[in-house]
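[1] return a 3D structure for these sequence lines:
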Amino acid sequence: MQEHEAIYRELQKHLDKMPIGFPSSEDNSDLKVLKAFFTPEEAKMAMYLNFNPVSLNRIYSQTKKIGLTLEETKGKLESMVEKRIIFKEVNPKTNQISYGNLPYAIGFFETHVNHLSKEMAQASEEYGKRFIREFLGEDTGIPQMRTIPINTAISHENIIKDYDNARKILETVDGPYAVAPCVCVQSKELIGIKCKHNMLERCMVNSQNYLDRGDAREITKAEAFEILNKAEESGLVIQPGNVKSSGGFCLCCDCCCGILSHAKKLENPARLFASNYYAEIDEQQCTGCSTCSNYCPMDAITTGDASTINKERCIGCGVCVSKCPSEAIQLKNKEQSIIPPENSIDLMIKIARNKKKLR
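    Modelled structure (predicted):
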């Protein structure tokens, strides 16, 4: 048992060197996650991989020292790919096979959509309170995702770039259009938490891998817009990748989303979110009906004779604006705009660069 503990601790340290790391937790929930997803043998094999894919021949040059043949090494790696805990790349020109480690999130947690176990779900729930700070870039200043306002909350007074406009994102996505079940909702259900929203399919992706694995269903562009409309009506928060050229986005609720449900427990969550907006209430127009506070995913609104918004908690999602029956809430642009990285590669480079500065 102690030997296995040491293997998982070494894997934790190894994964923590990635741009999106895997920080240790005082309650050892980090090790619970690794034990739920990796066998001890798989944990050892993952130590030969990095964030950037490593060629099979290079991996074999290390594994043969412990007595594995090339075919045995490839078999173990292929099994881990099939299990969705690492990824595989094949160079189309040379047919060279390479393998790499997935981060925890967005990574091997999400690849287990439709395949989570209760052990995985429970461990992820416990680790979430620690990992949320890594995901939101508390140290690097760059979160993996950004929060953009729902379109019904945007007025002609708002300055909005295409990367902050869900409909513009959908318009510019190259196919395929696909929607997948929310892995966070599935995870919560496994530990006995029922989502408040009757909308399981809410991860908009343009990943052929998801379709090939059967984890998403292909839809038309028109259907994609219908899903977005339904999400806005349900009061879900729109979260694309924190990049200009996002391939899709998650439609999130505060009861299940691993980001929102854990971030709302922080004292001042707004400082960690990439958002260019905040909500503001006209107290003269507000009737104090508390509709906005009931819908706010960050518990940012309190209601008395009139409602007030704590800007240190407001993430600018616009849900309250769309739900206010007296139209007393407006979405305002922040004075300093947050411009996202160009693409996912640029995002990871900037996160890694900032992380290196901290060491």
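[2] what sits against residue 184?
    By Cβ atoms under 8 Å, 6 or more residues apart in numbering, the residues touching residue 184 are 252, 256, 257, 258, 261. Using the backbone N, CA and C atoms, a C-beta is placed for each residue, glycine as well.
[3] and which of those residues is nearest residue 242?
    residue 252 (14.2 Å; Cβ to Cβ).
[4] quick one: that closest one and residue 260 touch, right?
    Yes: the pair residue 252 / residue 260 is scored as a contact, 5.5 Å apart, by Cβ atoms under 8 Å.
[5] name the residues contacting each of those two.
    In contact with both residue 252 and residue 260: 237, 297, using Cβ under 8 Å, 6+ apart.
[6] closest one to residue 227 out of the contacts of residue 184, please.
    Using Cβ to Cβ, residue 252 is the member of those that sits closest to residue 227, with 13.4 Å.
[7] can you give me the pLDDT of the closest one?
    Residue 252 carries a pLDDT value of 96.
[8] can you count the residues close to the closest residue in space to it that isn't next to it in sequence?
    Among residues not flanking residue 252 along the chain, residue 237 sits closest, at 4.6 Å (Cβ to Cβ, 6 or more residues apart in numbering). Look at residue 237: counted by other Cβ atoms under 10 Å, it has 26 neighbours.
[9] and residue 237, what does it touch?
    Contacts of residue 237 by Cβ under 8 Å, 6+ apart are 147, 150, 251, 252, 253, 254, 257, 260, 297, 315, 317, 319.
[10] need phi/psi at the first one.
    Read that as residue 147. phi -110, psi 130 (degrees, to the nearest 10).
[11] from here on, count from 38
    All right, first residue 38 from here; so that's residue 184.
[12] and the nearest residue to it once chain neighbours are set aside, what does it touch?
    Nearest non-adjacent residue to residue 184, counting by Cβ to Cβ, 6+ apart: residue 312, 4.4 Å away. The contact partners of residue 312, taken as Cβ under 8 Å, 6+ apart, are 183, 184, 185, 352, 353, 354, 371, 375.
[13] hmm, who's touching stretch 121-131?
    74-75, 79, 83, 86, 90, 114-115, 117-118, 133-139, 145, 148-149, 152.
[14] thinking residue 144 is in contact with residue 58, fair?
    No: counting by Cβ under 8 Å, residue 144 stays clear of residue 58, with 11.4 Å between them.
[15] just to revisit the earlier point, mark which of the contacts of residue 312 are buried, thanks.
    Listed as buried from those are 183, 184, 185, 352, 353, 354; burial here means 16 or more other Cβ atoms under 10 Å.
[16] and after the helix or strand containing residue 260, which helix or strand comes next?
    According to DSSP states H and E, residue 260 maps onto helix 258-271. The helix or strand immediately downstream of helix 258-271 is strand 274-277, counting by DSSP H and E.
[17] after that next one, which helix or strand is next?
    Next helix or strand after strand 274-277 toward the C-terminus (DSSP H and E): strand 286-289.
[18] tell me how far the residue nearest to residue 184 lies from residue 221.
    Going from residue 312 to residue 221 by Cβ to Cβ, to the nearest Å gives 20 Å.
[19] cool, and residue 334?
    In terms of Cβ to Cβ, residue 334 sits 13 Å off from residue 221.
[20] any common contacting residues for the two?
    By Cβ under 8 Å, 6+ apart, the residues touching both residue 334 and residue 221 are residue 289.
[21] returning to what we had before: of the contacts of residue 274, which is the nearest to residue 391?
    Minimum distance to residue 391 across the contacts of residue 274 is 20.1 Å, recorded for residue 184 (Cβ to Cβ).
[22] okay but the closest one is in contact with residue 354, surely?
    Yes: look at residue 184 against residue 354 with Cβ under 8 Å: they come within range, at 5.5 Å.
[23] before we move on, the earlier item: from the contacts of residue 221, which land in helices?
    If you go by DSSP state H, these have 295, 298 in helices.
[24] can you add distance to residue 341 and neighbour count and give the contacts of residue 221 back as JSON lines?
    Below are the contacts of residue 221 laid out as JSON lines (distance: Cβ to Cβ, whole Å; neighbours: other Cβ atoms under 10 Å):
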{"residue": "289", "distance to residue 341": "29", "neighbour count": "27"}
{"residue": "293", "distance to residue 341": "30", "neighbour count": "22"}
{"residue": "294", "distance to residue 341": "29", "neighbour count": "24"}
{"residue": "295", "distance to residue 341": "32", "neighbour count": "24"}
{"residue": "298", "distance to residue 341": "27", "neighbour count": "21"}
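[25] spatially, what comes nearest to residue 203 if we skip its sequence neighbours?
    Nearest one to residue 203, counting by Cβ to Cβ, 6+ apart, is residue 275 at 5.1 Å.
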